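**Q** Need a 3D model of the sequence below.
(chains A and B)
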Amino acid sequence: MKIELLYPEVCNLYGDLMNVEYLARSADAEVVRTGLKETPRFASEPVDLVYMGSTTERGQELARDALAPYLEALKKRADGGGVTLFTGNALEILGHHITDDDGTDIPMLGWFPLRAERHWLGRYNAMYLGKLEDMTVVAFKSQFGHSYPVGGELPAPLFETTRGAGLNPDLPGEGVRVGNLMATYLIGPLLVLNPPFAKYVLRLCGVRDPKLIFEREAVEAYEARVRDFTDPKRNFVY
Amino acid sequence: MDKKNREKPRGLRAIRFLAALWCAKLTVPLLKITRHNGTNFPGEIAMKICPEFLRYLDKPARVLAVTGTNGKTTVTNLLCDTLTAAGHRVLSNRAGSNMYPGVATALLTGVNIFNRCSCDTAVLEIDERSSRLIFPHLTPEIMAITNLFRDSIMRNAHPQFIADFLTRYIPRGTKLVLNADDLISSAVAPENERVYFGIERMSTDVTECVNRLNDMRICPKCAGRLEYEYLRYHHIGRVRCADCGFESPAYDYAGADASLETMTVTVRDRGGEGRYGLISDSIFNIYNLVTAVAMLREYGMDHAEIQKYISQVKLVGTRHTDEEVNGVHVINQMAKGLNALACSRAFDYIASQPGEKEILLLMNCLSDERHWSENVCWLYDADFEFLADPSIHVIVTGPRGKDYFLRLKLAGVKDEQMDYVRDEFEAADKLYLRPGSSVFLLYGADDSLDLAFRVREKVLKLAKEAKR
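**A** This is a model prediction of the structure:
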């Protein structure tokens, strides 16, 4: 199995990179780190999983510029069932634009008809509880704003929200999914925190009967978190 | 504003300000009588009555400020104690918070009921994000930014966000004392007058980062690859861009010949140099010392004066205490939970200590757990890998103990090197407490402080009762 990690020199916030490390160690996968000034491998050879994690606001623009020449290849990859996962504000790079606090519109790649709002003094910090097929997903959000439709048809959501905000507080769907391209606002070690979802991603990548490293410990921590997040007495927005 | 950072209120505003001042001053003895700590309360009262209280409050003629992710409390304490020992009348918020109410409380204690300040200098620790509320009403003469690292994900997002935030709010008239070995903080407020400090090459330096966190991997000018001439940890070191030639600023205040054997460092500048005793054996604290010396030099003291008074300063007990019982060192060490960087530094420091080490991880964010569930993403930014050493025994505990346990497993810590016990007090029973070993109790900044000191009492008792 081969995993391509896009732009780790800037897309590396909030522990997101552990997602790749966790899968690689679980499936004994090769990890290819592609820098901002390099050509992505997925554009020229088979890659089982392409991953991009959370980044700074400057990092979003750098990643956008680096990825722009390969957007069509990424779309083709999604159409062909190639597995791709974008977490945190990497999702916004695939959207239409970001509206900054001062009203400036910063163009993004324009794949999805989404406009992200960025509020420097209104960081949204929350827990998240959702569903994907029969899996319960527990994770965290920490972001400067949400995404809103800007016309056109929104792709299907990645997760159905049980508690917390979707793409924005009024949308029940969280993230976007096109074929096996999955993009979500959820941050951090999402796959470590969600062993069922980690195994789901490995299966999509062609791993039969996947086993996770330290699976028992991961499941114990996951089950404890599911109990916490389903406890109605707990607040959800920090 | 006048030279003393004060604007005179007029008319109704003057009445409102005086009412705020008197009410707030009245609360100070009341809090003492009722034995409440309340280091923010007087400032909070004053702000409620007069939202622009800080603007009108008389201030010392000289105001020094310290901000940054790590080290600001230590640097503030060093400055405060040194200046006090040198005969200055110093005001500081060291006993209170570093946010607006804590700063207001500190400053109002220095004025009389007629709003006349009797102190000549203020040394203020300023929370980075509170700069937005404080600086419109207060212009520090000199301000140090110790460093900018990742901190709380929820509050501070990432260090570039904080750097931009500070650039937006630091007054143009403030002279900055900046860390040249930190390309993030050294680029803050580029229009301001500035001097740089740093530490010259040390024997322990490397050129490749071994830490999970390194927030300066590409050139801030051209996004090219940065090469480290020397690297201490994370992004702290001296760099050059392989593509455009951009490099770290030159030092105006250079820490040199740092020696952990003699526990001294030289601080050299254009006006001379001095040899200073280290406050502890961590590189972090060498930076803190060099920062404080640079600030005091900018304040106008000469090296001989600084040497004389700074040597009397001790670290605050709530951050690091060490007691030996029956041959076991019991050490309380603040590691700031939710802060991957602070924990990584603590883990690195512990791993570098000689002999057998035991660690009780007490950094669960208890206040978050009471209302929500702690955001544990930061665990995967922290270098738990330093603890994967046969000389270290780790005990994880508390509401997020299972998350810590998994993180340690992923870091390579073997089963025989660690234990998980849910209850913090029962966890202490798992300690081996062998003579010659060190026990580190790692705890967060505020909410686990009380717990850590109560667990410490149990550990000390167990060490005393241990059969030899």
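**Q** List the contacts of residue 121.
**A** Going with chain A. residue A:101 (CB atoms under 8 Å, 6 or more residues apart in numbering or on different chains). Heads up, the C-betas are built off the backbone N, CA and C, glycines and all.
**Q** oops, I was thinking of chain B
**A** By CB under 8 Å, 6+ apart, the neighbours of residue B:121 are B:60-64, B:83, B:88-91, B:299.
**Q** Kindly report the same for residue B:210.
**A** By CB under 8 Å, 6+ apart, the neighbours of residue B:210 are residue B:383.
**Q** Dihedrals phi and psi, it?
**A** phi -100, psi 0 (degrees, to the nearest 10).
**Q** same check, this time on residue A:138
**A** phi -120, psi 130.
**Q** ok, it touching residue A:227?
**A** No. Counting by CB atoms under 8 Å, residue A:138 sits too far from residue A:227 to count as a contact (9.7 Å).
**Q** With neighbour numbers in mind, choose between these two.
**A** Comparing residue A:138 with residue A:227 by other CB atoms under 10 Å in any protein chain shown, the one with more neighbours is residue A:138, at 27 against 12.
**Q** Which strand residues bridge that one?
**A** residue A:129 (DSSP bridges).
**Q** List the contacts of it.
**A** Contacts of residue A:138 by CB under 8 Å, 6+ apart are A:127-129, A:193-194, A:222, A:225-226, A:229.
**Q** go on, residue A:42?
**A** Residue A:42 neighbours (CB under 8 Å, 6+ apart): A:4, A:50, A:70, A:73-74, A:77, A:82.
**Q** What strand or helix carries the closest residue to it other than its chain neighbours?
**A** Nearest residue to residue A:42 in three dimensions, chain neighbours excluded: residue A:50, at 5.1 Å (CB to CB, 6 or more residues apart in numbering or on different chains). Here residue A:50 sits within strand A:49-52, counting by DSSP states H and E.
**Q** quick one: that strand to chain centroid distance?
**A** 9 Å (CA atoms, centre = their mean, to the nearest Å).
**Q** what helices or strands is that strand leaning on?
**A** Judged by 3 or more CB pairs under 8 Å, 6 or more residues apart in numbering or on different chains; DSSP states H and E, the packing partners of strand A:49-52 are strand A:2-6, helix A:18-27, strand A:83-87.
**Q** Distance check, residue B:448 against chain A.
**A** 18 Å (CB to the nearest CB, to the nearest Å).
**Q** which residues touch that residue?
**A** B:337, B:362-366.
**Q** Next one, pLDDT for it please.
**A** If you check residue B:448, the pLDDT there is 75.
**Q** could you list every residue that touches the residue sitting nearest the centre point of chain A?
**A** Centroid check for chain A by CA atoms, centre = their mean gives residue A:87 as the closest residue, at 2.1 Å. Contact analysis of residue A:87 by CB under 8 Å, 6+ apart lists A:16, A:19, A:51-54, A:183-184, A:186-188, A:190.
**Q** Taking those residues, tell me the two that lie furthest apart.
**A** A:183 and A:188 (15.2 Å; CB to CB).
**Q** Identify the residues contacting the worst-scoring helix or strand of chain B on mean pLDDT?
**A** Within chain B, no helix or strand scores below helix B:366-371, which has a mean of 80 by mean pLDDT, DSSP states H and E. With CB under 8 Å, 6+ apart as the test, helix B:366-371 has contacts from A:234-235, A:238, B:374-375, B:398-400, B:446-448, B:451.
**Q** repeat that for 7 Å
**A** The contact list for helix B:366-371 (CB atoms under 7 Å, 6 or more residues apart in numbering or on different chains) reads A:235, B:374, B:399, B:447-448.
**Q** Repeat that for stretch A:207-215.
**A** The contact list for stretch A:207-215, computed with CB under 7 Å, 6+ apart, reads A:1, A:22, A:25-27, A:195, A:198-199, A:202-203, A:218, B:406, B:409-410.
**Q** and it, average pLDDT?
**A** For stretch A:207-215, the mean per-residue pLDDT is 97.
**Q** List the buried residues in it.
**A** Using 16 or more other CB atoms under 10 Å in any protein chain shown as the test for burial, stretch A:207-215 gives A:207, A:210, A:212-214.
**Q** How about stretch B:223-240?
**A** B:223-224, B:226-228, B:230-239.
**Q** end to end, how far does that stretch reach?
**A** 12 Å (CA to CA, to the nearest Å).
**Q** and that stretch, anywhere near chain A?
**A** Yes. Counting by CB under 7 Å from any CB of the partner chain, chain A is contacted by stretch B:223-240 at residue B:223.
**Q** and that stretch, how far from the chain's centre?
**A** 22 Å.
**Q** Ok, stretch A:181-200 next?
**A** For stretch A:181-200, the distance to the chain centre is 7 Å (CA atoms, centre = their mean).
**Q** Could you see whether chain B lies near it?
**A** Yes. On the criterion CB under 7 Å from any CB, stretch A:181-200 is in touch with chain B at A:187-189.
**Q** Per the annotation, how does chain B divide into domains?
**A** Listed by automatic domain parsing, the domain ranges of chain B are B:12-192+B:281-310, B:320-465.
**Q** what does chain A have sitting close to chain B?
**A** A:9-10, A:13-15, A:18, A:36, A:56, A:58, A:62, A:123, A:125, A:127, A:140, A:142, A:187-189, A:214, A:217-218, A:220-221, A:224-225, A:228-229, A:234-235, A:238.
**Q** what pLDDT does residue 113 get?
**A** Looking at chain A here, since you left the chain open. For residue A:113, pLDDT reads 97.
**Q** wait, I meant chain B there
**A** 94.
**Q** Assign it to helix, strand or coil.
**A** Here residue B:113 is recorded as coil under DSSP: H, G, I helix; E, B strand; the rest coil.
**Q** got a list of what it touches?
**A** So residue B:113 contacts B:22, B:25 (CB under 7 Å, 6+ apart).
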